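In: Below: sequence and its predicted model.
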Amino acid sequence: MLVVHQRTARRRARAAAVAEALALLHDLEPSAPAGGPLADRGGVFWVQLPERHLAVAGARLPRLGYSTAVDLLAGQGQGPAVRWRGHRWRLLRLHTEDPAGHREQAPDRREFLVEGADGQVRAVRGYRGDGDALGRRGLPVCDARLLVNLVAPALPGRLLDPFAGVGGVALEARVAGWATVTADRDPALRHGLGRLGGAHLVADARSLPLRAGAVDAVATEPPYDRQVGPLADQALAEAYRLLRPGGATAWLCAAWQAAGLRATADALGLRVALDTPVDRKGLEVVVLAWRKPG
């Protein structure tokens with residue numbers, strides 16, 4: 001059994017953290033029991049998987065977004081002792097997030113190439129968008145990882161972010177082994193996104209120049225400003241066209257957008273994999289994930 005410790009800033013998003021871990025380990029026969037050791041402390045959940053998969057699982061754990069540490073419940077060895085179900089166990093640490101390394105990947109630390117109104121391309125540190133309704137802001141690293149991990153069952157293959165912004169999803173997707181396709185309507189971002197590797201499109205997320213079934217997964221965060229109206233719903237319909245049968249998609253949306261996305265997904269026949277709120281430092285958002293029937 002693995003004892004998984006949630007990120008403090010996302011402790012109220014337990015359902016998302018559990019779904020992320022199960023999706024990341026999807027091919028290793030994982031399950032999530034309702035209880036386990038350290039339950040009295042809060043901020044933990046548990047994942048069971050066969051011992052033969054432990055080494056492979058351990059190599060993936062550093063990619064978790066909503067969890068920062070993972071212990072193995074063992075009968076003996078070095079490590080803190082805990083009592084559970086009347087027995088004494090040891091917690092062997094398998095993974096601890098490197099806070100400094102995580103911080104260095106944050107959007108406000110990264111340099112991004114942006115083309116200015118004068119046509120000059122400049123490296124900007126901490127680019128946060130141009131401020132309009134469709135302007136892009138940087139997605140926190142933990143949220144980008146969450147989205148990529150939620151579509152992990154569709155690996156290996158090509159992942160599309162149709163609202164790529166400053167490329168946080170694409171960066172995490174490349175680490176996870178995806179070939180990436182980014183799209184954004186703002187031509188000023190094409191240099192920065194192009195430098196990330198993979199293909200980049202200057203295009204509207206509602207109508208992308210790709211053939212039907214061209215991608216295996218779509219992971220994205222649409223603009224939250226209410227001025228964009230049904231943009232996210234229309235982009236989801238386009239994502240459905242582009243997904244291959246059996247493909248996966250994950251969206252982190254504003255709470256007000258969730259109802260429209262649910263209705264669109266239902267009309268398209270997408271199968272729900274996750275639908276849960278996330279309190280992101282006071283900003284209410286919802287993470288939604290679906291599979292396309294195959």
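Out: Arrived safely, thanks for sending.
In: Please count neighbours and contacts with C-alpha atoms only from this point.
Out: OK.
In: residue ranges with poor pLDDT in the stretch 1-150 of the chain?
Out: Residues of the stretch 1-150 of the chain meeting the criterion pLDDT under 70: 77, 128-137.
In: just the strands in it please.
Out: 2-6, 44-47, 67-74, 81-84, 87-96, 111-115, 121-125 (DSSP state E, counting those that start in this stretch).
In: For the first one, which strands pair with it and how are they oriented?
Out: Here strand 2-6 has these sheet partners by DSSP bridges: strand 44-47 (antiparallel), strand 67-74 (antiparallel).
In: picking that back up, out of the strands of the stretch 1-150 of the chain, which comes closest to D161?
Out: Nearest to D161 among these is strand 111-115; the distance by Cα to Cα comes to 17.1 Å.
In: how's this protein carved up into domains?
Out: Domain assignment for the chain by automatic domain parsing gives 2-97, 103-291.
In: which of those domains sits most buried?
Out: domain 103-291 (a mean of 19; mean count of other Cα atoms under 10 Å).
In: quick check, distance from it to the centre of its chain.
Out: Centre-to-centre, domain 103-291 and its host chain are 10 Å apart (Cα atoms, centre = their mean, to the nearest Å).
In: Got the phi and psi for A267?
Out: Backbone torsions of A267, given as degrees, to the nearest 10, read phi -70, psi -30.
In: quick one, which of the strands paired with strand 2-6 is nearest to A219?
Out: strand 67-74 (19.1 Å).
In: and that closest one, how far from the chain's centre?
Out: The answer for strand 67-74 is 20 Å, by Cα atoms, centre = their mean.
In: Run through who's touching it.
Out: 1-7, 17, 61, 89-97 (Cα atoms under 8 Å, 6 or more residues apart in numbering).
In: residue furthest from the geometric center of the chain?
Out: The outermost residue of the chain relative to its centre, with distances by Cα atoms, centre = their mean, is G86 at 37.5 Å.
In: and E284, what helix or strand is that in?
Out: Here E284 sits within strand 283-291, counting by DSSP states H and E.
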